[in-house]
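Participant: Pasted the sequence and its predicted model underneath.
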Amino acid sequence: MFVVCVGLSIGLTHAQTSSKSHTLSGVVKDKSNGEVLIGATVYIKGLNKGTVTNEYGFYSLTVPEGKYQMIFSYIGYKTIPKEIELKANLTLNVELPSEDNSLEEVVVTADAPNENVTKTEMSVEKLDIQQIKSMPAFLGEVDVIKSITMLPGVTTVGEGTTGFNVRGGGVDQNLVLLDESIVYNSSHLFGFFSIYNPNSVKDIQLYKGAAPAKYGGRLSSVLDIRQKEGNMKRFAGSGGVGLVSSRLTLEVPVVKDRSSLLIAGRRSYADLFLKLSPNKELRENQAFFYDLNTKYNYIINDKNRLYVSGYFGRDVFKFGNDFKFSWGNTAATIRWNHLFNSKLFSNVSAMFSDYNYQLRVGVGTGNFDWLAGIRNYQLKNDLTWFASPNFTLDFGASGILYEFNPGRVQIKDGTGDINITREKAVEAAAYISSEHKLTSSLTLTYGLRYSLFLTLGARDVRSYRTDAPKSNATVTGIRKYADNELIQTYQGLEPRFGLRWQLNNVSSVKASYARNRQYIHLISNTTAPLPIDIWKASDTHVQPLISDQVALGYFRNFSNNRYEFSAEVYYKYMQNLVDYKNGADLLLNQYLETELLRGDGRAYGLELMMKKNKGALTGWVSYTLARTERLVNGQFPEERINNGEYYPADYDKTHNLTFVASYQVNKRLSFSANFIYSTGRPFTLPDAKYLYNNQTVIDYSGRNQNRIPDNHRLDLSATLKGKGKPGRRWKGEWVFSIYNLYARRNAFSIYFAGDGSANNTARRLSILGTIVPSVTYNFTF
């Protein structure tokens, strides 16, 4: 498997330097396609100073006047030395040509050598898309979301479920971004596949702890996914044909070395086979999902660049004229990069995101159309000031307008429609943060984010008695708010802090702290989120979530960076978590706040990871020991869970072990394997049952005091590349995979089945219980 690694180094040719300083800046790109290289390192050996490129490949470094030898390098690319004499500010853009690596140089990291030790950030995971493509996948569908669950501290409640959990956080506590636009549902087919077309993805970064201050609005993590920009050199394409779907990506240089266009599409085709059925009813059914990714970028001049990107995706299930269910995301981003001068970089972004679902039933008295969703408009400006090699300052501001549609049902028989009141809110934020290198061993990052949340009308807000639990019977009054009238204000500071103490060239200790605030909530009392779950704004009855997380880590490299080891411990305390009364009715409930409870939570754990970066055999082993607990101890007995004591969260998994490996036999043949083992998630068993009026009544007391059986699974894949012909652009490969090699029936849940008598029996529900083989053909040209 071949994944690239970036590095830039600068050597001082002689000691003659002036006290006068100048700024060297520029962009590093891939020579073959013009894609910028993210995370490049710039290092001056003589001065022991350095910097890194940002998300747009830009770097800036202020050094004394003099002659320097610059060496631009990127693992997997040819090294280019350049001699320069710095007498004034200089712009130097560099394009690196790729090279064919031997097996001994294959790597599995997109970081610079030793970066896991030298960088200040901790609790950050980077995955290269080539690495993800090499991992065995369900039915051959390469999946970004499933791949990150193989990392320490990241779990999911079970197979075929939507979303992921990070360090004890809920699915809604992850900020998922695609080219900076918010994605509210990242799954197709109820969680079996993700919405990300692997051929259009360029960079993936997951923050599990103290994320940079420019990120906010979620408690647990940030998953920042960036799309390719498109080939600026020549027309190119890639695609694949699998058992479930086919995909095609086209990259067009609109103006060579100036602008490009990327268009990527993917569609499943199970419903196309239904059209071949002799059964008319089957021919009228539909079952498919699709994605469309687009991106245009234009270099206006040396100081300005424009990006326009979009995503459109949907799932559709239709059974004749009787039933139709569909859901999907729309996201669009416009970005403008501007260089005020060689030290000050700016990015202005305008984003639009929409998630909605539609449910239509067309038969009988239940004939209705149901529509719900969430939409937001966002504007932000991020700036970076490269003050000196020892000090970088980031600052900016953002604003988001939210529109929540909890549900609107049109009933066709004339009995009346159901309209749950829409909600509107504004979230604004400003931040400032810096990276400060105090000595060659000690580096600090510190920042502060201020966030403000305004809940707006038009809405009716109910008030309730304080001497009884909230219910529709304890309403004391209703206040009507006009359109855009202020209902509730929340605000607060969110400090971030990080420290790196480098012990020697191969090891370091890091620490971090972060406070986060989250103002929107996913309302769901199911084990795994469903497409019909709704989002809700913080208001007079639902307060914002707040978390404080501290982490401490040790990082060590071995054998000339061939092996990486990391160990992190963390503790996170969460306030104002949303929980639910036993038997809560959330569906189209006008009195939703009466079904919600407020509680606190804590999550703590140890994450260990050993990674092998180089050689024919690459991969990693990770182990996580963790606990995630909730506490709901309200004023009244009905507002307490587990008698007011801590209980395990639905997604608490004490042990989680993952193994990922890839073996490159030769340039054409490689094998990969994934293994995962985890403690079964908690669930609630009845403590007693008794007969009342000849009916069995089940009695429950403690919540989540039992666990389903432990989960484990082994997946294998083999990739065979075509021989190829010299000068021929078409390259193909066959990928053969086996998911769940030994047909493990992992339990998703335990339920009781019976006739209502005392003979009810416990049953295990498994999503997958068989071997799932697949074959996929991938190609590039």
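Facilitator: Right, received. Where do you want to start? Predicted, not measured: the structure shown is a model, and the values here were computed from it.

Participant: Any idea what the residue most central in space within the chain is bridged to?
Facilitator: Within the chain, one residue has its C-alpha closest to the average C-alpha position: by C-alpha atoms, centre = their mean, that is residue 223, at 2.9 Å. With DSSP bridges as the criterion, residue 223 is bridged to residue 176, residue 206.

Participant: repeat for residue 443
Facilitator: The residues listed as beta-bridge partners of residue 443 by DSSP bridges are residue 437, residue 500.

Participant: So for residue 226, what's the nearest residue that isn't a sequence neighbour?
Facilitator: Using C-beta to C-beta, 6 or more residues apart in numbering and skipping residues adjacent in sequence, the residue nearest residue 226 is residue 203, 4.3 Å away. Just so you know, the C-beta spots here come from the backbone N, C-alpha and C atoms, and that holds for glycine as well.

Participant: who touches the one you found in this structure?
Facilitator: Residue 203 makes contact with 38, 55, 110, 126, 129, 224, 225, 226 under the criterion C-beta atoms under 8 Å, 6 or more residues apart in numbering.

Participant: what would the residues you listed look like in TSV with pLDDT and distance to residue 27?
Facilitator: As requested, the contacts of residue 203 are arranged in TSV below (pLDDT from 0 to 100; distance: C-beta to C-beta, whole Å):
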residue	pLDDT	distance to residue 27
38	81	11
55	87	12
110	41	17
126	88	20
129	86	21
224	96	20
225	96	21
226	94	15
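
Participant: Strands of the stretch 401-550 of the chain, residue ranges please.
Facilitator: Taking DSSP state E, counting those that start in this stretch as the criterion, the stretch 401-550 of the chain carries its strands at 418-419, 423-437, 442-456, 459-464, 475-481, 486-504, 507-518, 520-523, 534-537, 545-558.

Participant: what helices or strands is the third one leaning on?
Facilitator: In terms of contact count using 3 or more C-beta pairs under 8 Å, 6 or more residues apart in numbering; DSSP states H and E, strand 442-456 is assigned the packing partners strand 423-437, strand 486-504.

Participant: Next one, pLDDT for residue 113 please.
Facilitator: Predicted confidence (pLDDT) at residue 113: the value is 57.

Participant: Correction: the previous question concerned residue 146.
Facilitator: Among the per-residue scores, residue 146 shows a pLDDT of 93.

Participant: State the distance from residue 190 to residue 528.
Facilitator: Distance, residue 190 to residue 528, using C-beta to C-beta, to the nearest Å: 8 Å.

Participant: got any residues that touch both of these two?
Facilitator: 161, 162.

Participant: what about residue 695, how many neighbours?
Facilitator: Look at residue 695: counted by other C-beta atoms under 10 Å, it has 9 neighbours.

Participant: quick one on the thing from earlier: going by distance to residue 385, which of the contacts of residue 203 wins?
Facilitator: Each of the contacts of residue 203 was scored against residue 385 by C-beta to C-beta, and residue 55 proved nearest at 15.9 Å.

Participant: so how many other residues sit close to the closest one?
Facilitator: Taking other C-beta under 10 Å as the neighbour definition, residue 55 ends up with a count of 17.

Participant: wait, what's in contact with it?
Facilitator: With contacts defined as C-beta under 8 Å, 6+ apart, residue 55 is in contact with 38, 203, 226.

Participant: re earlier: wasn't the residue nearest to residue 226 part of a strand?
Facilitator: Yes - read with DSSP: H, G, I helix; E, B strand; the rest coil, residue 203 is one of the residues of a strand.

Participant: Begin at 34 from now on, thanks
Facilitator: Fine by me, first position is 34 from now on; the one you just mentioned is residue 236.

Participant: Residues contacting stretch 200-207, please?
Facilitator: 186, 195-199, 241-242, 251-256, 551, 553-555, 562, 568, 578, 580, 582, 603, 605, 607, 634-638, 659-661, 682, 684-685.

Participant: can you tell me the average pLDDT over that stretch?
Facilitator: Averaging pLDDT along stretch 200-207 yields 95.

Participant: Ends of that stretch, what's the gap?
Facilitator: Using C-alpha to C-alpha, to the nearest Å, the gap from the first to the last residue of stretch 200-207 comes to 11 Å.

Participant: any idea how far it is from the chain center?
Facilitator: 11 Å (C-alpha atoms, centre = their mean, to the nearest Å).

Participant: again with stretch 385-398
Facilitator: Taking C-alpha atoms, centre = their mean, one finds stretch 385-398 lying 26 Å from the centre of the chain it belongs to.

Participant: Then stretch 736-743?
Facilitator: On C-alpha atoms, centre = their mean, the centre of stretch 736-743 falls 27 Å from the chain's centre.
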